[in-house]
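>>> Got a predicted structure here, sequence first:
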Amino acid sequence: MISLSASSFSEKNAAQFKFSRAAHHPPPSARFFSLSLPLHRRWIRAEPLSTARHPSELFEEAPSFKWVDLNEPETSREQAAAIAELPPKMTKRCRALMKQIICLSSENAGGLPLLLSAWAKAMKPRRADWLSVLKELETSDNPLFLQVFQLALLEDSFEANARDYTKIMGFLGRTGRFHDAETVFLAMQGRDLVPDQVAMTLMVNLYSKAGKFDLAKEAFEKIRLLTDDNPDKRAYGAMIMAYVRAGMAEEGEMLLREMDSREISACREVYKALLRAYAMAGDCDGAQRVFDAVQLAGVVPDARLCALLIHAYAAAGRPAAAVSALENMRAAGVQPNDKCVALTVAALRELGRLDRAMTLLADLEKDGGDVIGRETSAALASWFGQLGLSDELSGILGSS
């Protein structure tokens, strides 16, 4: 563990951390928490993020750190097993830190900043060593991974670059910690690292998912000003998704046309999101435009995209067009899924064409598809029940 000797320090000299111990809820004002290490217990004052300092400024007079390796009897069976699984090619300095982190209890997790600082002073790690430790923590799904990553960014020996910050922002964003991701983004700028298009695209995504559309749009406009180059495929896609989440599908489609004018094709998920937005709103014209754009971009529509188009026509009260969409789908060689067939059966019900529905099911069965799934069965049951033909449907389903 760590042996720490330092003279008593006052509240004025207390530690100020860049990243709050309660990272999910950064403190609006200074808070106190307990820091426990063997033979050492102090109350540390954490200042707001705006006044955070580098860990090297923890004390006015630098304390003396002494690194002491772990003794085997101090480790539990589970900890010993985790230590035994460390990569055999890992360097001794990295292995020493990993052993300490593995054996760091939840009660002593507050001592992680001092632990990393002591390791950095004693072992003189290089960037490769930090990356080796972080890779192992991520691979083993260690709960301290993000905290170690955040603290590593503050160490000079880590030689943090913009991509390190964007990586941790991505981790925080995937776990819904949008405020913390924004804090890291601001910290990156505070370290005189200029956000590039990758970082700004990530912020468009994070702001959009957090429901902050105006900030997402502002971040996208900053991408246009970063360089002489226009936004790339990812940046465009992120902003289109932001428009979709904000219920502004038409604005997203306008951005899609801008991409087409620059001969940039959006990814399938972007087309699908726009198509779904129009389909759910019953805007069959908008859905057809996006569906046509998909094909013009050279993307082969699959059954899910076709199902959204059929749904758009059905929701718009155009059952005949919904049936035609399925026929065109089959003519193009796309095998309908259960959703497509169920929507088409519902459309034929509105047209009162039971005979055509039975013909369709028979043709699909000849094509070798599993046509009567859960949704199709439910649609048929409702229709046959209304007609008083439930017994006949049982025979049809039993023979299929």
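That came in fine, so what should we check first?
>>> ok, the residue nearest to the spatial centre of the chain to residue 286 distance?
A centroid search over the chain (Cα atoms, centre = their mean) returns residue 174, at 3.2 Å, as the residue closest to the centre. Residue 174 sits at a distance of 31 Å from residue 286 (criterion: Cβ to Cβ, to the nearest Å). No exception for glycine: its C-beta is placed from N, CA and C like everyone else's.
>>> how far does stretch 92-104 sit from the chain's center?
29 Å (Cα atoms, centre = their mean, to the nearest Å).
>>> Identify each buried residue in it, please.
Using 16 or more other Cβ atoms under 10 Å as the test for burial, stretch 92-104 gives 93, 94, 95, 96, 97, 98, 99, 100, 101, 102, 103, 104.
>>> and what of stretch 209-221?
Counting neighbours by 16+ other Cβ under 10 Å, one finds that the buried residues in stretch 209-221 are 209, 210, 212, 213, 215, 216, 217, 219, 220.
>>> and it, what's its mean pLDDT?
Stretch 209-221 carries an average pLDDT of 94.
>>> and the least confident of the buried residues of stretch 92-104?
Looking across the buried residues of stretch 92-104, the weakest pLDDT belongs to residue 104, with 81.
>>> Assess the claim that residue 392 and residue 385 are in contact.
No. Counting by Cβ atoms under 8 Å, no contact exists between residue 392 and residue 385, whose distance comes to 10.9 Å.
>>> before we move on, back to that, let's have the buried residues of stretch 209-221 in CSV, adding distance to residue 313 and secondary structure.
Formatted as CSV, the entries for the buried residues of stretch 209-221 read as follows, by distance: Cβ to Cβ, whole Å; DSSP: H, G, I helix; E, B strand; the rest coil:
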residue, distance to residue 313, secondary structure
209, 30, helix
210, 34, coil
212, 34, coil
213, 29, helix
215, 36, helix
216, 31, helix
217, 32, helix
219, 36, helix
220, 32, helix
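>>> which one of those is nearest residue 111?
Closest to residue 111 out of the buried residues of stretch 209-221 is residue 210 (32.0 Å), distances taken as Cβ to Cβ.
>>> which residues does the closest one contact?
With contacts defined as Cβ atoms under 8 Å, 6 or more residues apart in numbering, the neighbours of residue 210 are 178, 179.
>>> So it versus residue 119, what's the distance?
35 Å.
>>> Then residue 157?
Look at residue 157 and residue 119: by Cβ to Cβ, they are 10 Å apart.
>>> what does the average pLDDT come to for stretch 123-138?
Computed over stretch 123-138, the mean pLDDT rounds to 94.
>>> How about residues contacting that stretch?
Counting contacts by Cβ under 8 Å, 6+ apart, the residues touching stretch 123-138 from outside are 67, 86-87, 90-91, 93-94, 96-98, 101, 119, 142, 144-145, 148-149, 152, 155, 157-159.
>>> Filter those residues down to the buried ones.
Neighbour-count burial (16+ other Cβ under 10 Å) applied to the contacts of stretch 123-138 gives 67, 90-91, 93-94, 96-98, 101, 119, 142, 144-145, 148-149, 152, 155, 157-158.
>>> Which ones among these lie within helices?
When DSSP state H defines the helices, the subset of these inside them is 93, 94, 96, 97, 98, 101, 119, 145, 148, 149, 152.
>>> The last one reaches residue 116, doesn't it?
Yes. Counting by Cβ under 8 Å, residue 152 does reach residue 116; the two are 7.0 Å apart.
>>> For residue 326, see how far away the residue nearest to residue 347 when sequence neighbours are not counted is.
Counting by Cβ to Cβ, 6 or more residues apart in numbering, residue 319 is the residue found nearest to residue 347 once chain neighbours are left out, at 3.6 Å. Plainly put, residue 319 is 11 Å away from residue 326 if you go by Cβ to Cβ.
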